[in-house]
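>>> From the sequence below, what's the structure:
(one chain, ligands or ions: 1)
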Amino acid sequence: MNLEFRLLRAFAAERLNSGLSQEFESHVWCRLVSSHPGFADLTARTAVVTGSSSGIGRAIALELAAAGADVVVHCRRSVGRAEQVATAVRDLGRRAAVIAADLGDVQDCEQFVNECWESELGRPSIWVNNAGADLLTGDAASMSYAEKLHRLYEVDVRGTVLLSRAIGRRMIDLGRGVILNIGWDQADRGMEGDSGELFSVSKNAIMGLTRSLALSLAPAVRVNAIAPGWIRTAWGEQAGDEWHQRVLRETPLDRWGEPQDIAKLARFLVSDEASYITGQVINANGGAVR
Ligand SMILES: NC(=O)c1ccc[n+]([C@@H]2O[C@H](COP(=O)([O-])OP(=O)(O)OC[C@H]3O[C@@H](n4cnc5c(N)ncnc54)[C@H](OP(=O)(O)O)[C@@H]3O)[C@@H](O)[C@H]2O)c1
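Sure, this is the predicted structure:
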């Protein structure tokens, strides 16, 4: 246990008993967490988390920062929300940068990797491909089936493949690195309806890519994927009671997953604690098996 951690703990214990402002208390606790990353320590590492302006990506960015990493926060156009995440990363005592790029655009993908590689945070040795086109809320919800399929192909599939190949080559030159993809637990066992079909196509592609890329980039670079179950992000927040009941019925642990459930697994998988794990797709789904 380092000296800063011991001093902060003693300081915080005293202050928390003396009724100081919430803001001050939360600042102290942020310093406590950041000065003692503990298990799966990522100190002195730089991480890029795509799609980290909200939802699961936001939670991963903050968890990696709490573990000690400096973080490039990425979004397509929600720069204000991405800046808020960057501020929260800095509150944890880490450095942050915000880069916007449309991953459905081939040139943007190339430029994004270049900018991350040259960023003032240093060479990234952790890359999380989390961004995914939102087909369920907003404008895209009214697109035709073919348009949704095309959007998923451009953003989730082609974008992830291009980023992974570009960063993977650089990580090989660097001599180390970890790539983490986000799949979907129902992709391989199937789900009925338009969304089930569409996301099965894109997420099976990502999970297949994970295994092949792990072979291509070993031994210097590890590549894994997390396959989340029902996670309560934007769509889950507004899902009706019928969906809520279905989630509980299909999830033995009897609750929606939270973004933090995925973030904690991400922290482990990108850390040296997982140094013998590559080419794997790991479900984080509350125990759902069918
Ligand atoms: N939520 C679940 O239950 C669940 C389950 C299984 C898998 N997943 C996967 O987990 C990942 C995150 O999901 P989420 O629910 O947290 O999503 P979310 O809250 O909708 O966030 C999506 C992120 O991706 C970014 N993005 C969207 N389109 C983009 C594009 N064309 N170019 C660049 N960035 C783009 C968004 O940036 P802007 O805000 O700027 O648009 C945002 O930061 C996705 O890959 C999703 O498929 C989610």
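>>> With just CA atoms, put the strand or helix carrying Leu163 into CSV.
Leu163 is part of helix 160-174 when elements are defined by DSSP states H and E. In CSV, the C-alpha atoms belonging to helix 160-174 read as follows (Å, rounded to 0.1, in the frame of the first residue of the first chain):
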residue,chain,number,x,y,z
THR,A,160,-14.1,-2.7,-36.3
VAL,A,161,-12.1,-4.7,-38.9
LEU,A,162,-10.3,-1.7,-40.3
LEU,A,163,-9.5,-0.2,-36.8
SER,A,164,-8.3,-3.6,-35.5
ARG,A,165,-6.0,-4.3,-38.5
ALA,A,166,-4.5,-0.8,-38.4
ILE,A,167,-3.9,-0.7,-34.6
GLY,A,168,-2.9,-4.4,-34.5
ARG,A,169,0.0,-3.8,-36.9
ARG,A,170,1.2,-0.8,-34.8
MET,A,171,0.9,-2.9,-31.6
ILE,A,172,3.1,-5.6,-33.2
ASP,A,173,5.7,-2.9,-33.9
LEU,A,174,5.4,-1.7,-30.3
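>>> what sits against the closest residue to Pro252 other than its chain neighbours?
What sits nearest to Pro252 in space, not counting adjacent residues and going by C-beta to C-beta, 6 or more residues apart in numbering, is Gly287, at 3.7 Å. Every C-beta, even on glycine, is put in place using the N, C-alpha and C of the backbone. Gly287 is in contact with 251-253, counting by C-beta atoms under 8 Å, 6 or more residues apart in numbering.
>>> still on that earlier bit, what helices or strands is the helix or strand just after the helix holding Leu163 leaning on?
Next helix or strand after helix 160-174 toward the C-terminus (DSSP H and E): strand 177-182. Contact here means 3 or more C-beta pairs under 8 Å, 6 or more residues apart in numbering; DSSP states H and E; on that basis strand 177-182 packs against strand 126-129, helix 160-174, helix 193-217, strand 221-228, helix 259-270.
>>> Please find the angle between the direction vectors of the last one and strand 177-182.
Helix 259-270 runs at 150 degrees relative to strand 177-182, counting by axes from the mean of the first three to the mean of the last three C-alpha atoms, to 10 degrees.
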